[in-house]
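> Build the 3D model from these lines:
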Amino acid sequence: MITPANTTDNRALAEARLPRMMFDYVDGGAFSEQTLRENTEDFQSLRFRQRVMRDVANVSATARILGQDVSLPLVLAPVGLAGMLARRGEVQAARAAQKKGVPFCLSTVSICSLEEVAESTDVANWFQLYVLKDRGYSKALLNRAHKAGYSTLVFTVDLPRLGVRYRDVRNGMSGGLSPWGKIQKLSDLLSHPLWLWDVAVKGKPLTFGNLADAVPSGRNPEDFKAWVEKQFDASVTWKDLDWVRQHWPGKLVIKGIMDPDDARSAVDVGADGIVVSNHGGRQLDGAPSTISALPAIVEAVSGKTDILFDGGVQSGQDVVRALCLGANTCLVGRAWAYALAAGGEAAVCRMLENVRYEVELTLALLGKNSVEQLSPDDLI
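Residues are numbered from 1 along each chain as shown. Sure, this is the predicted structure:
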């Protein structure tokens with residue numbers, strides 16, 4: 001059943017319920033946020049080719065992702081600090097994904113540990129890992145994920161250095177606030193008593209579950225920033241992917257591809273899939289939107305690896321547009337993060353129900369019965 005809570009509605013609720021620093025962390029992008037805006041705006045230039053008098057009595061949004069049958073071509077993308085948006089947020093989102101038959105991908109920098117999320121579900125979740133200098137620590141995380149039953153590793157390669165997100169700088173999410181800024185931050189937190197009770201009090205422990213031994217004081221932005229600057233490896237190259245392959249027995253997906261040559265390199269190292277992604281506009285501002293970069297990447301590697309799409313997806317119609325241009329499935333990050341903050345597991349379930357309804361409705365109005373029938377000819 002369709003509900004009125006779309007991404008715009010959930011975003012408004014999340015803005016009201018979250019402290020400003022947490023909302024801006026989810027909502028914001030790098031520098032002037034040009035790429036962030038274009039990720040969503042460029043979808044609107046793609047018009048559907050409406051067809052009529054087709055038999056669409058039976059329409060299905062089901063798909064197959066990396067050999068896995070799913071209820072719709074969608075993955076809940078890794079979102080760092082989701083456990084700060086709602087009580088044990090990653091667990092709630094993973095449960096919603098299982099209920100609605102789509103994969104959930106846990107971030108390296110989640111509040112809930114990969115073991116806690118695995119124990120809360122009965123499916124093989126996905127795990128996202130950054131490029132870390134400490135290979136021993138990376139190996140330990142991979143071993144933990146494999147032991148806990150995670151099936152797919154999403155290896156993020158577009159963070160040789162952390163992008164500058166000025167909203168986070170202004171509100172202290174990146175640390176370094178002045179005394180007056182700290183007073184404003186405290187005032188912001190105290191003005192959201194429901195969040196304080198649900199998350200800060202009842203949602204403990206608020207540490208980085210996967211990194212608790214490396215960043216024990218996880219609530220301190222300065223400590224986390226120092227760990228990131230120390231561990232994120234700017235020297236990594238495609239040759240280092242051989243090491244990942246040696247230590248990860250499951251599916252391997254490379255996230256952060258925006259260029260056809262990089263897509264070919266990912267195929268050459270044996271990636272089971274790539275994610276066309278500019279990190280939600282949070283890294284290189286001024287990079288093209290992902291939907292504008294998608295066609296050239298599809299032309300380069302279609303049929304050689306699964307192509308996952310990430311960036312600006314806010315509705316089922318956006319999912320259909322991306323699939324028309326050659327993506328096999330889509331990732332959504334902010335959409336589920338807003339829903340989680342707006343109403344927890346139930347709201348994430350409603351969001352997924354809406355997306356499925358929107359995909360099926362759009363297919364029917366295009367004269368299609370399944371997502372496999374979509375092609376560039378369905379866009380004008």
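> Low-confidence ranges, the stretch 151-300 of the chain, go.
Residue ranges of the stretch 151-300 of the chain with pLDDT under 70: 175-176, 216-225.
> Now with 90, please.
159-163, 168-189, 206-207, 211-236, 239-240 (pLDDT under 90).
> Now do the helices in it.
166-171, 179-190, 193-195, 221-231, 241-247, 260-268, 290-301 (DSSP state H, counting those that start in this stretch).
> Columns mean neighbour count and distance to Ser375 on top of these, output as TSV?
Glycine gets a C-beta too; all of them are placed from N, C-alpha and C. Shown next, in TSV, are those (neighbours: other CB atoms under 10 Å; distance: least, CB to CB, whole Å):
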stretch	mean neighbour count	distance to Ser375
helix 166-171	18	39
helix 179-190	12	48
helix 193-195	13	45
helix 221-231	15	42
helix 241-247	15	32
helix 260-268	18	20
helix 290-301	20	11
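> Would you reformat those helices as a markdown table and include distance to Val320?
Output for those, formatted as a markdown table (distance: least, CB to CB, whole Å):
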| stretch | distance to Val320 |
| --- | --- |
| helix 166-171 | 31 |
| helix 179-190 | 39 |
| helix 193-195 | 35 |
| helix 221-231 | 36 |
| helix 241-247 | 32 |
| helix 260-268 | 22 |
| helix 290-301 | 12 |
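> Of all those helices, which one is nearest Asn328?
Asn328 sits nearest to helix 290-301 of all those, at 9.7 Å, using CB to CB.
> Could you export the closest one as PDB, CA atoms only?
Only the C-alpha atoms of helix 290-301 are listed here, as PDB (Å, rounded to 0.1, in the frame of the first residue of the first chain):
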ATOM      1  CA  THR A 290      26.400   9.900 -11.400                       C
ATOM      2  CA  ILE A 291      23.400   9.700 -13.700                       C
ATOM      3  CA  SER A 292      25.300  11.700 -16.400                       C
ATOM      4  CA  ALA A 293      28.400   9.500 -15.900                       C
ATOM      5  CA  LEU A 294      26.500   6.200 -16.100                       C
ATOM      6  CA  PRO A 295      26.000   5.800 -19.900                       C
ATOM      7  CA  ALA A 296      29.700   5.900 -20.800                       C
ATOM      8  CA  ILE A 297      30.500   3.400 -18.000                       C
ATOM      9  CA  VAL A 298      27.800   1.100 -19.200                       C
ATOM     10  CA  GLU A 299      29.200   1.200 -22.700                       C
ATOM     11  CA  ALA A 300      32.600   0.400 -21.400                       C
ATOM     12  CA  VAL A 301      31.800  -2.600 -19.200                       C
END
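> burial measure for Lys368, as a count.
As a burial measure, Lys368 scores 21 neighbours (other CB atoms under 10 Å).
> Could you find the closest non-adjacent residue to it?
In this structure, Lys368 finds its nearest non-sequential neighbour in Leu374, 6.4 Å apart by CB to CB, 6 or more residues apart in numbering.
> can you tell me which residues contact the one you found?
The contact partners of Leu374, taken as CB atoms under 8 Å, 6 or more residues apart in numbering, are Val320, Leu323, Cys324, Leu363, Leu366, Lys368.
> Got the confidence number for the fourth one?
So that's Leu363. We have a pLDDT of 98 for Leu363.
> Can you give the distance of the helix or strand harbouring it from its chain's centre?
Element membership of Leu363 [criterion: DSSP states H and E] is helix 334-366. How far helix 334-366 lies from its chain's middle: 14 Å, per CA atoms, centre = their mean, to the nearest Å.
> hmm, back to that, Trp243: which of the contacts of Leu374 is nearest?
Nearest to Trp243 out of those is Leu323 (CB to CB; 33.2 Å).
> Let me know the secondary structure of that closest one.
helix (DSSP: H, G, I helix; E, B strand; the rest coil).
> one step back: got phi/psi on the residue nearest to Lys368?
phi -70, psi 150 (degrees, to the nearest 10).
> ok, it to Thr290 distance?
Plainly put, Leu374 is 18 Å away from Thr290 if you go by CB to CB, to the nearest Å.
> Ser60 now?
For Ser60, the distance to Thr290 equals 26 Å [CB to CB].
> Give me the pLDDT for Ala341.
Model confidence at Ala341, given as pLDDT, is 97.
> got the contact list for the closest residue to Ala124 other than its chain neighbours?
With sequence-adjacent residues excluded and distances taken as CB to CB, 6+ apart, Ala124 is closest to Ser151, at 3.6 Å. Residues near Ser151 by CB under 8 Å, 6+ apart: Gln68, Ala124, Asn125, Trp126, Gly250, Lys251.
> Isn't the first one up against Gly101?
No - the pair Gln68 and Gly101 fails to qualify as a contact (CB atoms under 8 Å) at a distance of 10.0 Å.
> returning to that earlier point: which one of the helices of the stretch 151-300 of the chain lies closest to Thr7?
Among the helices of the stretch 151-300 of the chain, the nearest to Thr7 by CB to CB is helix 290-301 (15.9 Å).
> what does the helix or strand following that closest one contact?
Using DSSP H and E, the helix or strand that directly follows helix 290-301 along the chain is strand 306-310. Strand 306-310 is contacted from outside by 65-66, 75, 77, 253, 255, 272-277, 280, 290-291, 294, 297-298, 301, 322, 326-333, using CB under 8 Å, 6+ apart.
> and these, which of them are in strands?
Counting by DSSP state E, the part of those found in strands is Ile65, Val75, Val253, Lys255, Gly273, Ile274, Val275, Val276, Thr329, Cys330, Leu331, Val332.
> now the last one: how far from Val348?
With the distance defined as CB to CB, Val332 ends up 10 Å from Val348.
> Then the fourth one?
Distance of Lys255 to Val348, computed by CB to CB: 21 Å.
> ditto for the fifth one
Between Gly273 and Val348 the distance, using CB to CB, works out to 23 Å.
> Against Asp27, how distant is Gln283?
In terms of CB to CB, Gln283 sits 16 Å off from Asp27.
> Same check on Thr8?
For Thr8, the distance to Asp27 (CB to CB) stands at 12 Å.
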